[in-house]
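Participant: I'll drop the sequence and a predicted model, then ask my questions.
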Amino acid sequence: MSETTANAAGQKQTHGFQAEVKQLLQLMIHSLYSNKEIFLRELVSNASDAADKLRFLALSDSSLYGDDGELRVRISLDEQARTLTISDNGIGMDEADVIAHLGTIAKSGTKEFFSQLSGDQSKDSKLIGQFGVGFYSAFIVADKVTVRTRKAGLPADSAVEWESAGEGDYTISKINKASRGTEIVLHLRDGEDEFLSRWKVESIVTKYSDHISIPVEMWQEGTPEREEDGEKIPATEGHWQAVNKATALWTRDKSEITDDEYKEFYKHISHDWSEPLSWSHNKVEGNNNYTSLLYVPKKAPFDMWNREAKHGLKLYVQRVFIMDDAEQFMPSYLRFIKGVLDSSDLPLNVSREILQDTKVSQSLRKGCSSRALKMLEKLAKDSEQYQLFWNEFGQVLKEGPAEDFANKEQIAALLRFASTHNDSSAQNVALADYVSRMKEGQDEIYFLVADSHEAAKHSPHLEVFRKKGLEVLLLSDRIDEWLMQHLPEFDGKKFRSVAKGGLDLSKLDDEQTKEEQKKTEEAFASVLERFKKALGEQVKDVKVSHRLTDSPACVVTDEFDMSTQMIKLMESVGQKVPDVKPIFELNPEHQLVKHVADEPDENRFQQWAEVLFEQALLAERGSLKNPASFVTRLNSLLLSLAK
Ligand SMILES: Nc1ncnc2c1ncn2[C@@H]1O[C@H](COP(=O)(O)OP(=O)(O)OP(=O)(O)O)[C@@H](O)[C@H]1O
């Protein structure tokens, strides 16, 4: 690409921003204006990441430090020039890095994300919050930004200057820079003079960046010798002074860390705008020695369903940053958890490949998963907060029972469902709630999976459950069929699909009802035979239904056959499915069934049988293989009735 060719010293090259960057800049300035001071948090956070990265590389090549091994960030203010400068002695960038990082957005799914924006700024600014703020936030307060940077290990004359007014483009030129690292100069917009006040800047650093593990320094002017109460106070020299605590937050004692500090640390590691929903900080000593600080975010990231999206914990070994997004420590169904893991047992030169299969990482993964689940259990005690969590991440957690066999029961306790009990589509019923409401004699948990909540709610399968006052969980997320296949029981109670054969509610009936049912079945036996003959190969069996009160008929799948929902799911992804024949159940009390049972004409009976069967299929599956012939048959029957 011609854009990335190196340029001669002093010569400026102009490059255009990637379209998404322009969009991001506009939205950011609009949506963050009321909270503009966070630009400082973002830039200090980047500087601290740059120090982490250098420290990591220096593990194998200590010459990268040169004669400057004390990593730090410095903020300086120039009232005359109206600039605020943040400089670090971290990893720095070369020309290719600058072009890749400060002119584009290198996140997977960026294009798709931006194409979803509506153009309505107030709506979009909420969405953009899921995207992360980063370097470009500098333009909230600056109308020009100059970045001077020199990558560790490169000579002074291979430094790069990047400059932009945050509109359509930026320039790049080669410069000389005496020291390693990155310097970002913000030329403040008119009206942003408050950021030239040392007191103001210092208070922002303490508010947002106290937890940064390297010192964030500001210049402290020297004072001349003076006399106070007759006592001589010697002169002091000007010096750089740290304005933050400069210790890694997770190494500090829990009791000394405030909630605000935890929240700010979350924003630093997650690049999220909003506060976390909850966190859990643990030091573990014993077979494994490690500290974990895990967070549950409030909002799902924009790319949660993108398979390539990065997730996982920030890994440190003995306080040295090793890598971002170490996914080995969190199972996929907990991929929304953010945090830091600092291990004392892993070697400093650990790589992603080594992490795959060491005993230590396996036991760390076990420990972290269990901490994360415990944190969710704690969160679940506050049902309002937990509902916020569930609405964002419930569908991901539902992958849990299939993925994490060992913690199945614990995960099951964290699931929430819609149910006939509260008659709403809100997924807020815990299995423990269901079990506590089970009727005397009921030993199974009833559920129904359908395409939508509406379809589930109006399913004929629910009729007998309504009549008997039995609660049924109504499931309609895409993952639900998969979930239920991996969730055979909870608290010793088996799950039972109400849409399957083999449903036996007789334990809940009194003797008289059982006797009546038996009589009805006997009386209806010959009608069933007639139906079986009429429907032939289309059905596995025809039975008297004990689950219908209002509908004439329904279809169910045999107990061990593949469920209708599973068949639909497999068909939708182009998989071949076995030919599963349904069981046709008739409601002998229904007027229409009585009418058909009395139909003397075999031809007409055949038509009725087909129509009742197809109706039931339609209610169950939402479609028919041959809808036109159903309509023709129905019309001919209607016509004959109208005569
Ligand atoms: N001070 C710095 N030193 C070295 N590299 C930097 C510095 N600031 C930014 N970068 C580089 O620019 C990239 C983009 O920064 P930016 O803040 O926009 O995004 P980010 O930190 O990767 O993530 P997010 O967008 O979620 O905040 C960084 O990943 C890093 O590679």
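Facilitator: The structure has been received and is ready for your questions. All values derive from a computational prediction rather than experimental measurement.
Participant: quick check: domain ranges of the protein?
Facilitator: Here the domain parsing of the chain from the TED database is 21-220+238-242, 249-379, 415-498, 512-642.
Participant: so can I have CSV of those domains showing distance to residue 232?
Facilitator: The way it works is simple: take the backbone N, C-alpha and C, and place the C-beta from them, glycine included. Rendered in CSV, the data for those read as follows (distance: least, CB to CB, whole Å):
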stretch, distance to residue 232
domain 21-220+238-242, 20
domain 249-379, 38
domain 415-498, 71
domain 512-642, 84
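Participant: got the ones you listed as a markdown table, with mean pLDDT and mean neighbour count columns?
Facilitator: Below are those laid out as a markdown table (pLDDT from 0 to 100; neighbours: other CB atoms under 10 Å):
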| stretch | mean pLDDT | mean neighbour count |
| --- | --- | --- |
| domain 21-220+238-242 | 90 | 18 |
| domain 249-379 | 90 | 18 |
| domain 415-498 | 93 | 18 |
| domain 512-642 | 89 | 16 |
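Participant: Reformat those domains as TSV; add distance to the ligand.
Facilitator: Putting those into TSV (distance: least, CB to the nearest ligand atom, whole Å) gives the following:
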stretch	distance to the ligand
domain 21-220+238-242	3
domain 249-379	3
domain 415-498	28
domain 512-642	32
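Participant: Tell me the helices and strands packed up against the host helix or strand of residue 524.
Facilitator: According to DSSP states H and E, residue 524 maps onto helix 511-535. With contacts taken as 3 or more CB pairs under 8 Å, 6 or more residues apart in numbering; DSSP states H and E, helix 511-535 sits against strand 541-544, strand 583-586, helix 591-597, helix 602-621.
Participant: quick one: it to helix 602-621, angle?
Facilitator: 110 degrees (axes from the mean of the first three to the mean of the last three CA atoms, to 10 degrees).
Participant: Just confirm residue 447 is within a helix.
Facilitator: No. Residue 447 is assigned strand when assessed by DSSP: H, G, I helix; E, B strand; the rest coil, not a helix.
Participant: Please verify my assumption that it contacts residue 499.
Facilitator: No. Shown here, residue 447 and residue 499 do not form a contact pair, counting by CB atoms under 8 Å, at 9.1 Å.
Participant: Which residues does stretch 358-378 contact?
Facilitator: 278-280, 282, 284, 287-288, 290, 292, 294, 296, 313, 328-331, 334, 337, 341, 343, 345-346, 350, 355, 386, 389, 397, 404, 407, 410-411, 413-414 (CB atoms under 8 Å, 6 or more residues apart in numbering).
Participant: Actually, stretch 105-124.
Facilitator: Residues outside stretch 105-124 that contact it (CB under 8 Å, 6+ apart): 18-21, 23-24, 27, 30-31, 100, 127-128, 131-132, 302-303, 306, 308-310.
Participant: now, which of those residues lie within helices?
Facilitator: Applying DSSP state H to the contacts of stretch 105-124, the entries found in helices are 19, 20, 21, 23, 24, 27, 30, 31, 100, 127, 128.
Participant: Nearest approach to residue 163 belongs to which of the helices and strands packed on helix 511-535?
Facilitator: helix 602-621 (62.4 Å; CB to CB).
Participant: ok now the closest one, how far from the chain's centre?
Facilitator: 45 Å (CA atoms, centre = their mean, to the nearest Å).
Participant: For the next helix-or-strand element following that helix, enumerate the helices and strands it packs against.
Facilitator: Sequence order places helix 627-642 as the next helix or strand after helix 602-621, per DSSP H and E. If contacts are counted by 3+ CB pairs under 8 Å, 6+ apart, helix 627-642 sits against helix 602-621.
Participant: now the helix it packs on against helix 627-642, angle please.
Facilitator: 130 degrees.
Participant: which other residues reach helix 602-621?
Facilitator: Outside helix 602-621, the residues that reach it (CB under 8 Å, 6+ apart) are 459-460, 499, 530-531, 534-535, 538-539, 551-555, 564, 568, 582, 584, 586, 592-593, 596, 599, 624, 630, 633-634, 636-637, 640.
Participant: same deal with stretch 155-174?
Facilitator: 6-17, 22, 25, 29, 93-95, 98-99, 102-103, 136, 138-139, 142-151, 175-178.
Participant: Just the ones in strands from the residues you listed, please.
Facilitator: 13-16, 142-150, 175 (DSSP state E).
Participant: What is the nearest of the residues you listed to residue 578?
Facilitator: residue 16 (55.6 Å).
Participant: who are the neighbours in contact with the closest one?
Facilitator: 168, 169.
Participant: and if you look at the one 10 residues further on?
Facilitator: The neighbours of residue 26, taking CB under 8 Å, 6+ apart as the test, come to nothing; the list is empty.
Participant: And it, how far from residue 514?
Facilitator: Separation of residue 26 from residue 514 (CB to CB, to the nearest Å): 71 Å.
Participant: helix or strand for residue 264, which one?
Facilitator: Assigned by DSSP H and E, residue 264 falls within helix 259-270.
Participant: And the next helix or strand past that helix?
Facilitator: strand 278-284.
Participant: Just the C-alpha atoms of that next one, please, in PDB.
Facilitator: Presented in PDB, the C-alpha positions along strand 278-284 are these (Å, rounded to 0.1, in the frame of the first residue of the first chain):
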ATOM      1  CA  SER A 278     -20.500  -6.500  40.400                       C
ATOM      2  CA  TRP A 279     -17.000  -7.800  41.200                       C
ATOM      3  CA  SER A 280     -15.200 -10.300  43.200                       C
ATOM      4  CA  HIS A 281     -11.600 -10.000  44.400                       C
ATOM      5  CA  ASN A 282      -9.800 -13.000  45.800                       C
ATOM      6  CA  LYS A 283      -6.400 -13.900  46.900                       C
ATOM      7  CA  VAL A 284      -5.800 -17.700  46.900                       C
END
